[in-house]
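Chemist: fold the following and give me the result.
(one chain, ligands or ions: 1)
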Amino acid sequence: MIAKNKWNIDLNDVIAEHQKEFGSWFTELNDFDISKVINKEKERFREFKDRNSKLVSSIIKTGKVEESEMKTLYESKGITIDDIRYQAELEGKKVSLPEKFYTDINKIKLGAEKEDDTEIKGLKETERLFYEESLLEAKAKILKKIKPNLIVLDKTIFYPEMGGQKPDGGTINGIKVIDVQIKDNIIIHLLDQAIKDAVGKTVSLEVDGVRRETLRKHHTATHIVNRAARIVLGDFVYQNGAEKDVDKAHLDITYYDKLSREQLEEIETVANETVSKDLEMTVKLMDRTAAEMKYGMSIYQGGAIPNATLRIVEIAGYDVEACGGLHCHRTGDVNFIKIIKAERIQDGVVRLTFMADKPALKHIQELDNLVKELMELWGVKREEVYKTAERFFSESQHFRELYEKAEAERISASAIASYADPVEIETKLDNLGILMKSLDSIKEQLGNKKVILKAERIGLAYPKSEETKKIMSEKYKEVSEKGNFLFGHD
Ligand SMILES: [Zn+2]
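Modeler: A predicted model of the protein is given here:
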């Protein structure tokens, strides 16, 4: 916008003015140096422009951008219609652009999520019993069979997939429940096979307690890690998405840069300190306005919630969020949190993948075993593993080079010495460059003699003359059956 309107302003000054104006109301504005964020964004914008301006220029030259092409540019490179229009203006050129592009993009996105919901229309909202956590068994009535294995009940103890938390597992009348989804407050159960009982019949529900427990721990860990990230990185960090599964969970946070190893370790440390403090976690329903007044807007970590009443989840003295998921009662129930990965999944969003409790312990044991195996294999101490690996790597590089040189010399010598034409030589060398160089160097001595190399794992390189090509195509069938390739030279 600044570039487009040719405004002579610096974003940092604008932000500083904002901070002065609003800082007394929103004190969190004063807590961190936003210029770091702004400068990083500016740098990224410049990089983006440098990278894409050539591409945009070449598009402008064609004079027209089709809608499908625009969609690809937008989705794969982040290039917008405005970017193209702006650069065309700069270059003084005309380009025809698709109209109503953004509305179409939104239509595509909405269309993908919209399913046929006539099947559940008019049904009563499912009564949610899953918040009564001790309830792992219950009876319920079948309200509708959408398909023989897809049913709606009057009430359920199965937590459906929502708020990023994966659904409960278990059985209904002994039949395995493989998915539970919620739509317009109606909860739909997908079963492993058809259920015989008719609509109106009462069925027995049983939730898999072990799966539920792990999901609860991973969900709780998400709250803990999210707050830890805000403590370490700054209060401007927000949750952008999350998923809590049984083997691991991930949390997407808004952050302008990639995280350093130190930052990650610090987040992990704060998270685990919170676990060991064994803080109490409470859930209460609160009027929306009262909750916003008391805790501020940061309760909406998972995005805005349109209800008048909010379910407020509080970790005593640590974190408050509006959340509909299932949690532990104390942070200590999580036992342990291990962050296993941090990656930038899009501009300004970092994904933290982590594990809690048993999956976390198992992950560490696996890593530890790997190191122990290397120690045994190499006969070195733990602190020498890395250095040894490094040494092996450079040694193997060195030996490889020696081997390649010697093998290339052997091939050349056998090619010259042999009376056969074509000469066939087998080799394990897979470095095409070395092979060609070595044959080129003895070209004179070979005269018109043809050389065919049967090598492993190299591509098929075609020789110049028709005659050699013919010999090779015959030989090719023979060696390709053995998984080898031919390399011809003339
Ligand atoms: Zn939650």
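Chemist: contacts and neighbour counts: CA atoms only from here.
Modeler: Fine.
Chemist: how is this structure partitioned into domains?
Modeler: 11-113, 121-207, 213-357, 414-489 (automatic domain parsing).
Chemist: tell me the SS of the closest residue to Q263 other than its chain neighbours?
Modeler: Excluding the flanking residues, the one nearest Q263 by Cα to Cα, 6 or more residues apart in numbering is V232, at 7.2 Å. Three-state call for V232 (DSSP: H, G, I helix; E, B strand; the rest coil): helix.
Chemist: pull the number of nearby residues for V232.
Modeler: Number of residues near V232 (other Cα atoms under 10 Å) recorded here: 15.
Chemist: on that earlier part again, Throw the domains of the chain into TSV and include mean pLDDT and distance to V385, thanks.
Modeler: Shown next, in TSV, are the domains of the chain (pLDDT from 0 to 100; distance: least, Cα to Cα, whole Å):
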stretch	mean pLDDT	distance to V385
domain 11-113	67	37
domain 121-207	94	39
domain 213-357	93	20
domain 414-489	69	30
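Chemist: including distance to K381, could those go into JSON lines?
Modeler: Below are the domains of the chain laid out as JSON lines (distance: least, Cα to Cα, whole Å):
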{"stretch": "domain 11-113", "distance to K381": "42"}
{"stretch": "domain 121-207", "distance to K381": "42"}
{"stretch": "domain 213-357", "distance to K381": "24"}
{"stretch": "domain 414-489", "distance to K381": "35"}
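Chemist: buried ones in stretch 346-359?
Modeler: Neighbour-count burial for stretch 346-359 flags V349, V350, R351, L352, T353, F354, M355, A356, D357, K358, P359 (criterion: 16 or more other Cα atoms under 10 Å).
Chemist: can you tell me the SS state at the residue nearest the centre of the chain?
Modeler: The centroid of the chain falls nearest to I345 when counting by Cα atoms, centre = their mean (5.9 Å). Three-state assignment for I345 (three-state DSSP): strand.
Chemist: hang on, the earlier thing: thinking the residue nearest to Q263 is in contact with T269, fair?
Modeler: No - with contact defined as Cα atoms under 8 Å, V232 and T269 do not form a contacting pair (10.0 Å).
Chemist: before we move on, the earlier item: quick one, what contacts the residue nearest to the centre of the chain?
Modeler: R351 (Cα atoms under 8 Å, 6 or more residues apart in numbering).
Chemist: can you count the residues close to the spatially closest residue to G348 that is not a sequence neighbour?
Modeler: The spatially closest residue to G348, leaving aside those adjacent along the chain, is Y256, at 4.6 Å (Cα to Cα, 6+ apart). Number of residues near Y256 (other Cα under 10 Å) recorded here: 19.
Chemist: just want the phi and psi numbers for Y256.
Modeler: phi -80, psi -10 (degrees, to the nearest 10).
Chemist: which residues does the closest residue to the ion within the stretch 351-490 of the chain bridge with?
Modeler: Residue nearest to the ion within the stretch 351-490 of the chain: A356 (14.8 Å; Cα to the ion). In this entry, A356 is beta-bridged to I337, by DSSP bridges.
Chemist: wait, doesn't it sit right on T220?
Modeler: No - A356 lies out of contact with T220 (Cα under 8 Å); the separation is 9.1 Å.
Chemist: overlap of the contact sets of those two?
Modeler: V334.
Chemist: the strands in the stretch 51-200 of the chain, which residues?
Modeler: 127-128, 137-147, 150-153, 155-156, 170-172, 175-183, 186-191 (DSSP state E, counting those that start in this stretch).
Chemist: show me what contacts V225?
Modeler: So V225 contacts I267, E268, A271 (Cα under 8 Å, 6+ apart).
Chemist: now do A140
Modeler: Counting by Cα under 8 Å, 6+ apart, the residues that A140 touches are L153, D154, K155, T156, T202, V203, S204, L205.
Chemist: separation between the third one and S53?
Modeler: If you measure K155 against S53 using Cα to Cα, to the nearest Å, the figure is 57 Å.
Chemist: more crowded one of the two?
Modeler: The neighbour count for K155 versus S53, taken as other Cα under 10 Å, is higher for K155 (21 against 16).
Chemist: and for the residue lying closest to E314 once chain neighbours are set aside, the neighbour number?
Modeler: Excluding its sequence neighbours, the residue lying closest to E314 (Cα to Cα, 6+ apart) is V320, at 4.4 Å. Counted with other Cα under 10 Å, the burial measure for V320 works out to 23 neighbours.
Chemist: I am finished for the moment; much appreciated.
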